[in-house]
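J.: here you go, sequence then predicted model.
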Number of protein chains: 4
Amino acid sequence: MPVESSKPFPKKRCGVLGATGSVGQRFILLLNDHPHFTLTAVGASPRSAGKKFSAAASWKQGIKLPERIGALVVKSCTPEEFKDEVDFVFSGLDSDVAGETELAFLQADIPVFSNSKNYRLDPLVPLVVPTVNLNHLDLIPHQRRYHNLKQGFQVCNSNCAVIGMVVPFRALMDKFGPLERASMITEQAVSGAGYPGVSSLDIFDNIVPYIKGEEEKLGAESRKILGSIQDENTKLSDAEGLLVDGTCTRVPVIDGHTHIVSLKFAKSAPSVEEAKEALRSYVSDAQELGCPSAPEISIEVMEEDDRPQPRLDKDKGKGYTVSVGRVRKVENGAYDLKYVAVSHNLVIGAAGGSILNAEAAVLKGYL
Amino acid sequence: MPVESSKPFPKKRCGVLGATGSVGQRFILLLNDHPHFTLTAVGASPRSAGKKFSAAASWKQGIKLPERIGALVVKSCTPEEFKDEVDFVFSGLDSDVAGETELAFLQADIPVFSNSKNYRLDPLVPLVVPTVNLNHLDLIPHQRRYHNLKQGFQVCNSNCAVIGMVVPFRALMDKFGPLERASMITEQAVSGAGYPGVSSLDIFDNIVPYIKGEEEKLGAESRKILGSIQDENTKLSDAEGLLVDGTCTRVPVIDGHTHIVSLKFAKSAPSVEEAKEALRSYVSDAQELGCPSAPEISIEVMEEDDRPQPRLDKDKGKGYTVSVGRVRKVENGAYDLKYVAVSHNLVIGAAGGSILNAEAAVLKGYL
Amino acid sequence: MPVESSKPFPKKRCGVLGATGSVGQRFILLLNDHPHFTLTAVGASPRSAGKKFSAAASWKQGIKLPERIGALVVKSCTPEEFKDEVDFVFSGLDSDVAGETELAFLQADIPVFSNSKNYRLDPLVPLVVPTVNLNHLDLIPHQRRYHNLKQGFQVCNSNCAVIGMVVPFRALMDKFGPLERASMITEQAVSGAGYPGVSSLDIFDNIVPYIKGEEEKLGAESRKILGSIQDENTKLSDAEGLLVDGTCTRVPVIDGHTHIVSLKFAKSAPSVEEAKEALRSYVSDAQELGCPSAPEISIEVMEEDDRPQPRLDKDKGKGYTVSVGRVRKVENGAYDLKYVAVSHNLVIGAAGGSILNAEAAVLKGYL
Amino acid sequence: MPVESSKPFPKKRCGVLGATGSVGQRFILLLNDHPHFTLTAVGASPRSAGKKFSAAASWKQGIKLPERIGALVVKSCTPEEFKDEVDFVFSGLDSDVAGETELAFLQADIPVFSNSKNYRLDPLVPLVVPTVNLNHLDLIPHQRRYHNLKQGFQVCNSNCAVIGMVVPFRALMDKFGPLERASMITEQAVSGAGYPGVSSLDIFDNIVPYIKGEEEKLGAESRKILGSIQDENTKLSDAEGLLVDGTCTRVPVIDGHTHIVSLKFAKSAPSVEEAKEALRSYVSDAQELGCPSAPEISIEVMEEDDRPQPRLDKDKGKGYTVSVGRVRKVENGAYDLKYVAVSHNLVIGAAGGSILNAEAAVLKGYL
């Protein structure tokens, strides 16, 4: 159970940009049951605007499209259309349109929680994985001052592939200090590519050992997420010295990324048992703050040889928990420890991450 | 094209032990078209012995069971039953019976080409990947002297998972000297687990990040295969200093293992282009000897970002070619180079490897 | 919402026989959240007896094994071991042991809800699909008299493949009278075969057009389920004249059977719209009785051309709702109407059906 | 073995329209090994025209793109670009462009073998499945007279889904007379939808019970294919009275359609054994004519309960043989007999059908 916050949690109205896409649909699923956020507006491409959401979206979820949402009329993704109806927006826009659109919302003083890659490395934009670095939200006042805004701001969440590194790394770094280098091989689910995304002819009975643009993000994003906020909350500094090598592969799995990770500490390495204990006892800021969607545990350590597995473990903590197993010594000295992690690429790795970030922003008083 | 051997290739009669299993069936497929080897006897468990092969085996291949083979009466796996009908045997036996059975054949002076793990690390038994170390077959006279045999001997082929290391490594070591360490993450096909093997409920829409007994083999087997034969062909010595770290995962792919490999040279590392050139120009002993089943090229280097892929690339060179792609620098200094390899786990990684070994044994005069 | 029963629902203690298997595990999942049934005893084969359930079972569910259940010590499946700890048992036993075991429980006066095929066609045993024929439970007093029991009885639920016929057929027969003939082609999920069940090598990228023993059950079971209870609740009579033709195929789907059904009425056929209206407005006895697990709607009629689909629709009504789509005229006169149905083979088609049956037995006062 | 034709088979040059698509790539694979047809020109959309084929096509085949083909410069699909370099063309064009383009080739006096649906029901265009109705090619002279052509003509092949009916039906009708009605449920492979075609998110772990536009074709196409050519080869007449009811579903299979077929004879029905014998002994015109690609047998009857299966049986006869199994009586009188058939949707069901048609056209002197 999340530690109960003493502050009451105010109701907020939110919108989703890119609502018809696969991240957008996941936002709708998660928001439909949300205790405090009410989805009041959905935006999509001009082709969809003006239609009822039920007609505009090809709804692909196992849970029925909620009637109230289906009846919403899709808006164009412009701040004018949204500003009177929402307190903030989530963006599941494709990166080719996210740049301009999110900037327009920001400039219109509407807070934006973004899933796109466009602004992730912007020094003024916090890149936040809610079970890792909620403290980076404290850059918001500085960002507002810079843009001369009253309530607007922009917060990004990370690429779904870095989750397997940054959540366990945070727990380990808190106990054993900085990391020197890491390796990550990913086995990524097809839902990470959106819809229609990966053709069945490409991935049935097959592995594709490459995901365009993915490997490049691993180092930069994880250094930013694992970095610190400094100078009286006016500056984000990268985790120094962490060198990441990665290979990203696509596998025939629907949801849930598998991460095969090795890492080397800058100082002396913990034993396997010490590392597992650090992972097991990790309590994230999302839990401490009492975010309503925060999982009971941020990292579940599994002892079975053959776990975690994406089909069995991705939904732990409603998709917000990262499962870690096979914690072992690296045998050849290239790294200290290795493990296998599974995370839900659409929950903690995308829409759910944004929602937790928004909950934290409310609890921290930025929203 | 294989370099044509000047020696004529004599006809040989062979048997298959464990013929009803999945490696056994692959032997039958490959031998059915073989220009010089005639399959004359099939052995299986006592439960099957005495039945026609067509009745004893649950034939699971896309190619029809050849009528002649289907009509063979299955024998018990004892040397008495085989010795008058074969010149040598291939063994696709499970490891729980392979130990005793293969030894009995050896002691009965019948040459055995084994796919089991039981004798792979025996210092008297060559562990041979035919596109890597056919010269290790030259231990056969010494093995015969030791066991006091005239024509019998035993040769093993490797675990299917080491193929992605040892074939490219041989090519690189020939040009750039010994390796210091390597890392291998595998994404292994379900056919590697035999039949019925992996339950569909375990692997549909899933990854299993563990294969029992597999990771332990990677280091020891690759050091032996990449080692040398010494002391006037009386001793096999391991490749010194090569430290291997591995993680083996099972993926929803039918045939074809994907290997994600990083490696560090003991001396100075070649550039990516130099490494690719070394891989591309590698000619294996199997090609030089003129083995009838040898592939035209042992290693195919691919330049496309998203290759090799198991479904598209496993059958290259009829399953004897290893495809290598994404040859790149390792970004964080833990290793020098990395690449992705795909190999056919049932051809070069199992039955086909044994057949090429037998062809080489004929051409070298041991059979 | 189920119509609320005015009777209070008493707490009951139950056991699961065959608890380690795949139907058994589904029972555990469903019972863990049950408001009125408490799982107090688990039974399995002698090999497992005496171990903690967490050690005996290879738990394969996406939801964690509840700790309390994991700590239960597995019993042998004998009435002595169970009788003091349960009010009744669910049986997920394999048919090779179910016959004798369930009989022993019955004779020991312990009520049994069975998933096995052994007693389904016994004239003294109600064969009940809870959203179709709960009134057949009223045979229980007669069954008890026959066996001279006080509280024991035996109730079976149907083969998972007949669900796609009997639930919609009940709704249609209620409005339009008896059926003359029906055809059913099934596309059945692998979980229907238990664990390990279907080998991945048999079903990946493949269809198997045969399921042993399945097609024979379709006619006899559906005639019994759709039949009536007569002679003052002392006799079950088959639905007369219903002739069923079936072909059962296995497909690469984890959970959820797809049924492609055609049917001909004995009298005049309704129009497509009339048929859909009858399906849509059907209220099952399970709903009317107020069974706690009864779905809000027993049959959901879908209008989209490409629905229902097993991955998207199997979980409707928590797996108790049958989804029906593509209701159309048959074009060539062989039948009147056709449709496609999807049902959850492990919920309404197996464990869930038994649980609903038990709830109804409580509400009807038999338990 | 095909009966050897006494006529020598002249060499012909051919082109492929729509060469970059999935049917187009299959044409290239099949033509690359063809003994008499040389692929000399490839056409695709304006976007690809002018590029080398290797650059224009995303080659997705397990066999390497032949170098000679890769070096061909892609042309626009206009007759001017092709007429000096080919004797005829195969069209794998999408139906939205096939109508106009194929007509232009026809009017330019270039023979066209089409895979599109556009002209299949044109009374002047033979719709030919080569193992069923090659005699319909004899309409060509009449078609030429009508269009005032010297050598041009147009021949279509059928939708891939009708193969499972028309090939076995031809064999049965030859022996037992006309059919009155038939039912076909299909389980169709994803490759039938082209590339990128079916999204992995739609079909992984799923069934889609609908294929747009498919069911409507079954009756009309099969009646035309099974019809006769009359009035001195100037008229095609439909098979009278054959009423077809169909449901087409998409399944997670790469290649190979499964057809579940029931049929009723107009006169008295054969026994199961008689029907199997008729299927087994069927010799198609393609075999009799000695078409080089004709399979040794057009229909393989399988006796195993669980066959045919697409993964194991689609490649029989290099993809030109239809496998038929589970021949049984229909139990409820709606039809006489039923069976399961598997056919390769891209070979006999598409590109291969066109190639056999072209071979027959050569042997019949039309090309």
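T.: It's in.
J.: going by C-alpha atoms from here, please, whenever you check contacts or count neighbours.
T.: Fine.
J.: name the nearest residue to residue A:351, sequence neighbours excluded.
T.: Closest residue to residue A:351 apart from its sequence neighbours, by CA to CA, 6 or more residues apart in numbering or on different chains: residue A:27 at 5.3 Å.
J.: okay but the one you found is in contact with residue A:16, surely?
T.: Yes - using CA atoms under 8 Å, residue A:27 makes contact with residue A:16 at a distance of 7.4 Å.
J.: so residue A:100 lies in a helix, does it not?
T.: Yes - under DSSP: H, G, I helix; E, B strand; the rest coil, residue A:100 falls within a helix.
J.: isn't there a strand covering residue A:180?
T.: Yes - assessed with three-state DSSP, residue A:180 lies in a strand.
J.: and whatever residue of the stretch 51-200 of chain A ends up closest to chain B, how far from chain D?
T.: Proximity of the stretch 51-200 of chain A to chain B (CA to the nearest CA) peaks at residue A:181, 6.6 Å away. Distance, residue A:181 to chain D, by CA to the nearest CA, to the nearest Å: 35 Å.
J.: now that residue. Nearest residue, chain neighbours left out?
T.: residue A:243 (4.5 Å).
J.: do residue A:226 as well
T.: Of all residues not flanking residue A:226 in the chain, residue A:239 sits nearest, at 5.5 Å (CA to CA, 6+ apart).
J.: for the one you found, phi and psi?
T.: Residue A:239 adopts backbone torsions of phi -60, psi 120, taken as degrees, to the nearest 10.
J.: equivalent analysis for residue A:249, please.
T.: phi -120, psi 150.
J.: for residue A:218, see how far away it is.
T.: Here residue A:249 is placed at a distance of 13 Å from residue A:218 (CA to CA, to the nearest Å).
J.: what about the two, which has more around it?
T.: Set side by side, residue A:249 and residue A:218 show more neighbours around residue A:218, with 26 against 22, by other CA atoms under 10 Å in any protein chain shown.
J.: do I have it right that the more buried one meets residue A:243?
T.: No - using CA under 8 Å, residue A:218 is not in contact with residue A:243; the gap is 9.7 Å.
J.: excluding its backbone neighbours, what's nearest whatever residue of the stretch 1-150 of chain A ends up closest to chain D?
T.: Of all residues in the stretch 1-150 of chain A, residue A:60 sits closest to chain D, at 7.9 Å by CA to the nearest CA. Nearest residue to residue A:60 in three dimensions, chain neighbours excluded: residue C:312, at 7.2 Å (CA to CA, 6+ apart).
J.: just checking, that neighbour is part of a strand?
T.: No - looking at residue C:312 with three-state DSSP, it is helix, so not inside a strand.
J.: how about whatever residue of the stretch 251-367 of chain A ends up closest to chain D, what does it touch?
T.: For the stretch 251-367 of chain A and chain D, the shortest gap (CA to the nearest CA) falls at residue A:254, measuring 6.7 Å. Contacts for residue A:254 were tallied using CA atoms under 8 Å, 6 or more residues apart in numbering or on different chains; they are A:189-191, B:205, D:201, D:204.
J.: can you list the domain ranges for chain A.
T.: Following automatic domain parsing, chain A resolves into domains at A:12-159+A:351-363, A:161-343.
J.: beta partners of residue A:156?
T.: Bridge pairing for residue A:156 (DSSP bridges) gives the partners residue A:114, residue A:127.
J.: what's around it, how many residues?
T.: 27.
J.: wait, it touches residue A:114, no?
T.: Yes - taking contacts as CA under 8 Å, residue A:156 lies within contact range of residue A:114: 4.7 Å.
J.: which residues are common contacts for these two?
T.: Residues touching both residue A:156 and residue A:114 (CA under 8 Å, 6+ apart): residue A:354.
J.: for the closest residue to chain D within chain A, give me the pLDDT.
T.: Using CA to the nearest CA, the single residue of chain A nearest to chain D is residue A:200, 4.1 Å away. On pLDDT, residue A:200 comes in at 97.
J.: which residues of chain A lie near chain C?
T.: By the rule CA under 8 Å from any CA of the partner chain, the part of chain A lying against chain C is A:60-63, A:204-205, A:311-313, A:315-316.
J.: report the buried members of those residues.
T.: Buried by 16 or more other CA atoms under 10 Å in any protein chain shown: A:60, A:204-205, A:311-313, A:315-316, out of those.
J.: redo those as TSV? Include pLDDT and distance to residue C:74.
T.: As requested, these are exported to TSV (pLDDT from 0 to 100; distance: CA to CA, whole Å):
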residue	pLDDT	distance to residue C:74
A:60	83	41
A:204	97	40
A:205	97	39
A:311	97	27
A:312	96	24
A:313	97	25
A:315	95	28
A:316	95	27
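J.: can you add distance to residue B:70 and give those residues back as a markdown table?
T.: Below are those laid out as a markdown table (distance: CA to CA, whole Å):
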| residue | distance to residue B:70 |
| --- | --- |
| A:60 | 48 |
| A:204 | 32 |
| A:205 | 30 |
| A:311 | 41 |
| A:312 | 42 |
| A:313 | 45 |
| A:315 | 49 |
| A:316 | 50 |
